[in-house]
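Participant: Sequence and predicted model, in that order:
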Amino acid sequence: MRAALALAAVGLALAGPAAAAECPPPRAVTATVLGMKYCADPAFGAVIAERVQKIRADVRAQRQAGRLVVYASTPISPRGGGDTTVNLGVAASVKARLEKEYGGAVWVLDPGAYQLPDTNGRAAGGGDYMVMWTEILGGEDGGGRDFDMVHFTGPGDMRAFFGCGREDVSGCVARHPAAVAIADPARRQAFVRYYTLRASSAYSTGAHDEWNIVVKVNRKRPIGDQVAVFFDGRAVSPAEMDAEIAPGYEVR
């Protein structure tokens, strides 16, 4: 992991001028265990490597305790009108609900609990996070053996967090304290629109990459030994499991 991050400049040269244009300094195109590349800041290399080891240790501890491991992909960024604090709350609620649903034999990894600290006065970007999560989901050999299932958060998961039923979802969202606290009407409308209509990993840049990671991992594994994939509490079809989607932060 450390070697891969240290060779970011080499990866930039190999990626070609098109990728370089999309990744201005100090960021550089950084390769991962699955061959997926992201525009990441080398200054975060050490902290990403440390965090990868920490998360792998947490996963190993759950494995040793005999638990199945689920990765819960939930949007954290406020992009599109969302709120980071609300999204972190959603991610924690998805973890709690899945662990309650599946019982004590399952442990859910909530990515929101593993935020990267600022480095050199800069906050980590999406590419930095995706370098980290690609290494985690891909595993040390790219076979994704650390996870039994990946759950992608959908509208139903979001509505459960807000306590909304099947009627007046927009009113339910608008009454949430986070919405009420927004003074600017345009910002409040964006908040209501996002959590009413778009609150889903389908609209998350990072989740698009995470979906493609799982597809790449499953293509390496025989049928019957693949990572289970769920969206909004529903097991996806075989066709969905095998289909890549538009990349998010990945540099192609």
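Facilitator: Yes, it's here. Numbers count the residues shown, from 1 in each chain.
Participant: burial count for the nearest residue to residue 23 once chain neighbours are set aside?
Facilitator: Nearest residue to residue 23, sequence neighbours excluded (CB to CB, 6 or more residues apart in numbering): residue 39, at 3.8 Å. Where C-beta positions appear, they are placed from N, C-alpha and C, glycine not excepted. With neighbours defined by other CB atoms under 10 Å, the count for residue 39 comes to 25.
Participant: same deal with residue 61?
Facilitator: 11.
Participant: residues contacting the residue nearest to residue 23?
Facilitator: Contacts for residue 39 (CB atoms under 8 Å, 6 or more residues apart in numbering) come out as 19, 22, 23, 27, 28, 29, 30, 125, 127, 249, 251.
Participant: quick one, what contacts the fourth one?
Facilitator: Read it as residue 27. 39, 40, 41, 42, 125, 127.
Participant: Point out where the stretch 1-150 of the chain drops to low pLDDT.
Facilitator: In the predicted model of the stretch 1-150 of the chain, residues 1-21 satisfy pLDDT under 70.
Participant: Go again with 90.
Facilitator: 1-22, 79-80 (pLDDT under 90).
Participant: all strands for it, in order.
Facilitator: Secondary structure of the stretch 1-150 of the chain (DSSP state E, counting those that start in this stretch): strands located at 28-31, 37-40, 68-73, 106-109, 149-152.
Participant: wait, which of those strands is closest to residue 93?
Facilitator: strand 68-73 (10.1 Å; CB to CB).
Participant: ok, now how distant is the residue nearest to residue 23 from residue 219?
Facilitator: 25 Å (CB to CB, to the nearest Å).
Participant: cool, residue 41 as well?
Facilitator: 30 Å.
Participant: Who has more neighbours out of those two?
Facilitator: residue 41 (23 against 11).
Participant: right, and that one touches residue 129 too?
Facilitator: No. At 11.1 Å, residue 41 does not count as touching residue 129 under the criterion of CB atoms under 8 Å.
Participant: returning to what we had before: kindly state the beta-bridge partners for the residue nearest to residue 23.
Facilitator: Beta-bridge partners recorded for residue 39 (DSSP bridges): residue 29.
Participant: same check, this time on residue 149
Facilitator: residue 70, residue 228.
Participant: Quick one: residues contacting it.
Facilitator: 68, 69, 70, 71, 227, 228, 229, 230.
Participant: now swap in residue 152 and tell me
Facilitator: Per CB under 8 Å, 6+ apart, neighbours of residue 152: 73, 201, 202, 207, 210, 211, 229, 230, 231, 232.
Participant: Surely the second one and residue 74 touch.
Facilitator: I take that to be residue 201. Yes. With contacts defined as CB under 8 Å, residue 201 counts as touching residue 74 at a distance of 6.7 Å.
Participant: Can you check which residues contact both of the two?
Facilitator: 153, 207.
Participant: before we move on, the earlier item: with distance to residue 96 added, can I get the strands of the stretch 1-150 of the chain in TSV?
Facilitator: Rendered in TSV, the data for those read as follows (distance: least, CB to CB, whole Å):
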stretch	distance to residue 96
strand 28-31	33
strand 37-40	30
strand 68-73	10
strand 106-109	8
strand 149-152	13
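Participant: Out of the ones you listed, which one sits most buried?
Facilitator: strand 37-40 (a mean of 28; mean count of other CB atoms under 10 Å).
Participant: now it, how far from the chain's geometric center?
Facilitator: 15 Å (CA atoms, centre = their mean, to the nearest Å).
Participant: related to what we said a few turns ago, what's the closest of the contacts of residue 39 to residue 186?
Facilitator: Using CB to CB, the contacts of residue 39 come closest to residue 186 at residue 125, 25.9 Å.
Participant: number of nearby residues for the closest one?
Facilitator: 16.
Participant: That one contacts residue 40, doesn't it?
Facilitator: Yes. In this structure residue 125 lies within contact range of residue 40 using CB under 8 Å: 7.4 Å.
Participant: which residues sit in contact with residue 179?
Facilitator: Counting by CB under 8 Å, 6+ apart, residue 179 touches 173, 188, 191, 192, 195.
Participant: Nothing else from me, thank you.
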